[in-house]
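Visitor: Fold the following.
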Amino acid sequence: MDLFDRMRIEPDGPDRFTYPFVVRSCTELMEHLRGVCIHGLLFKVGLELDTFIGTSLIEFYGSFGDTKAARRVFDELPIKDKVVWTIMLSSCVNKDTGLKETRKLFDQMPGKDLVVWNIMIFQYIKAGDIQNAKLLFNLAPVKDILMYNTLLGGYARHGEVNIMLDFFHNMPTKDLVSWNSVISGLVRHKRINEAITHFHQMQSENIHPNEITLVTLLSACAQVGALDTGRWLHSYINRNNSSSNLVVSTSLVDMYSKCGDLDSARQVFDKMPNRDVVAWNAMIMGFSMNGQSKTTLQLFNRMKREQVKPNEITILGVLCACVHAGLVKEGQKLFDSMDQEHGLEPRVEHYGCMVDLLGRSGLLNEAYSLIQSMRVEPHVGVWGALLGACKLHKNVELAETAMSHLNELEHEDGGYLTIMSNIYANVGRWDDVCRVRELMKEKGIGKLRGCSSIEVNGVIYEFGAGEKVHERVEEIYEMIDEISGGLGVVGHVGRRSEVFFDVEDEEKDEVLMYHSEKMAVAFGLISMEKGSVIRVVKNLRICGDCHDVMKVISKMYEREIVVRDRSRFHHFKNGCCSCGDYW
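Guide: Next up, the predicted model:
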């Protein structure tokens, strides 16, 4: 832009070939006022009707959402080639008029080519209007692979998974983009087994995966704890010389960490020839969520020694490690260093971690004071952390304060009302329990269903509490009865306080034994080779009773059990847990 200003005072100033680049610079630099001034200058020099300059102006105004100005430039151009029409079509979507003007322009355009048809279909998909996207697709006189992939991606993006699969299997030709779209669509909607099946089909058709395919599948394995499948993918990556790819290697670290195999994660990390901050963050988060707080802090210090600048995610991972180990002093020091040492502004997530750290450690007043002194507005996660700490320390009064703030935020997460109900139940205030549950009914909020998944022979199985629908359900219940008998022998008494409704103790004991993670572990015991590690992923926080029972099972059956709950990992071995009963 400085060069342009100098050109203007030269005898041979800017011409019709200069202005398009200047306008595009304003677009890229988001300099709206400068761009408008240059448009005014074009009228003075008589170049406002130039087709190439007009195209750049339409794109400029479109990037700022000023569709009226873009349309004025378009209408005034005496010559409109396909490029002008195409840019205008991409730029005229307006939040007030929706796609009406865009479709009107599309219908008016002469000689529409495949690019234009694809743009219009994509605009419908972007707006969430799959029905009109499909109708327009059917009207297209000629269809190329890009058009098929555009609609396929739309089905995947908006949750039409079964329609997506039918459409995919009926496509006349498929390329790598097609396969990636269907695999990512299945992963996004938790249909992991089908995603892996499609990957195998892709290989059988000699379509070679790229970085996107591998990262998507590794992410899927990480989501559900599918370690066996993740290991197979790692072998495939090594066989096909993809292990040197930084993004793929980082995804491997993430996958192994989220499956609880820290040794493998560390091996991949240590072999990486180059590590960016994302790779360091993946390894730091891995140690943190697996309760290896000391190692997390050591790795963070090593990262700084190697002069890799930490970012907000790095600090969040180390703070989480401090939370899991109750390291109040270290956490406070790190939090204070964000601004002073690293030049990072604490985000609301960092405050949430600090509230969690202080609250879990019993420093409830300090946690509340921190919220009151926050530089940013506290969100539901911050007040939720305080509420969770109040439940842990049975502070009903402060819990009610936190709950009132949560209600003011008008969030849609019913889990916090469930926690409040449980706080009342813990102190025997059953009238208040009923009141909160009535409120949940009024708001149409149900208690989030707990479910646990386990991978056996490369297949993911999911269990709910008291699961009845499974091909081996009778054997699973027999194993639970066997476990229950063993618990009685060692003198285990169930934590009946974990059952948050007013029923007899015997019924509470029965409810506790059929929690989803116990169902998954029972299935693992009858299905997996003796001595193998049982790995379970739980969508909620593991309850105290299940935690106690897992410790007993690990000793009783001489099995290592790894449970990943909503916030961290628990490695049960020889009757002990890696969390040291602090979670």
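
Visitor: Break this protein into its domains for me.
Guide: Domain assignment for the chain by automatic domain parsing gives 346-448, 451-577.

Visitor: what is the mean pLDDT for the first one?
Guide: Spelled out, it's domain 346-448. For domain 346-448, mean pLDDT rounds to 89.

Visitor: now the helices for the stretch 1-150 of the chain?
Guide: Along the stretch 1-150 of the chain, the stretches classed as helices by DSSP state H, counting those that start in this stretch are 2-8, 19-28, 32-45, 51-63, 67-76, 82-91, 100-108, 114-126, 130-139, 145-157.

Visitor: got the domains of the chain as JSON lines, with distance to A282 and mean neighbour count columns?
Guide: The way it works is simple: take the backbone N, C-alpha and C, and place the C-beta from them, glycine included. Below are these laid out as JSON lines (distance: least, C-beta to C-beta, whole Å; neighbours: other C-beta atoms under 10 Å):
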{"stretch": "domain 346-448", "distance to A282": "17", "mean neighbour count": "18"}
{"stretch": "domain 451-577", "distance to A282": "15", "mean neighbour count": "18"}
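
Visitor: D254: which of these is closest?
Guide: Nearest of the domains of the chain to D254, taken as C-beta to C-beta: domain 451-577 at 13.0 Å.

Visitor: all strands of the protein, in order?
Guide: Using DSSP state E, the strands assigned to the chain run over residues 451-456, 459-464, 534-538, 561-564, 569-573, 576-577.

Visitor: ok so, going back, among the helices of the stretch 1-150 of the chain, which is the most enclosed?
Guide: helix 51-63 (a mean of 23; mean count of other C-beta atoms under 10 Å).

Visitor: Run through the neighbouring helices and strands of it.
Guide: Judged by 3 or more C-beta pairs under 8 Å, 6 or more residues apart in numbering; DSSP states H and E, helix 51-63 is in contact with helix 19-28, helix 32-45, helix 67-76, helix 82-91.

Visitor: Now do it against helix 19-28, angle only.
Guide: Calculated by axes from the mean of the first three to the mean of the last three C-alpha atoms, to 10 degrees, helix 51-63 forms an angle of 10 degrees with helix 19-28.

Visitor: residues making contact with helix 51-63?
Guide: Contacting residues not belonging to helix 51-63 are listed as 16-17, 19-20, 23-24, 26-27, 30, 35, 39, 42, 47-48, 67, 69-70, 73-74, 76-77, 79-81, 83-84, 87-88, 90-92 [C-beta atoms under 8 Å, 6 or more residues apart in numbering].

Visitor: Export it to CSV, keeping only CA atoms.
Guide: Extracted C-alpha coordinates of helix 51-63, given in CSV (Å, rounded to 0.1, in the frame of the first residue of the first chain):
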residue,chain,number,x,y,z
THR,A,51,-14.2,-5.3,-15.8
PHE,A,52,-11.0,-6.5,-14.0
ILE,A,53,-11.2,-3.7,-11.4
GLY,A,54,-14.9,-4.2,-11.0
THR,A,55,-14.4,-7.9,-10.2
SER,A,56,-11.9,-7.1,-7.4
LEU,A,57,-14.3,-4.5,-6.0
ILE,A,58,-17.2,-7.0,-5.9
GLU,A,59,-15.0,-9.4,-4.1
PHE,A,60,-13.9,-6.6,-1.7
TYR,A,61,-17.4,-5.5,-0.8
GLY,A,62,-18.5,-9.2,-0.5
SER,A,63,-15.8,-10.0,2.0
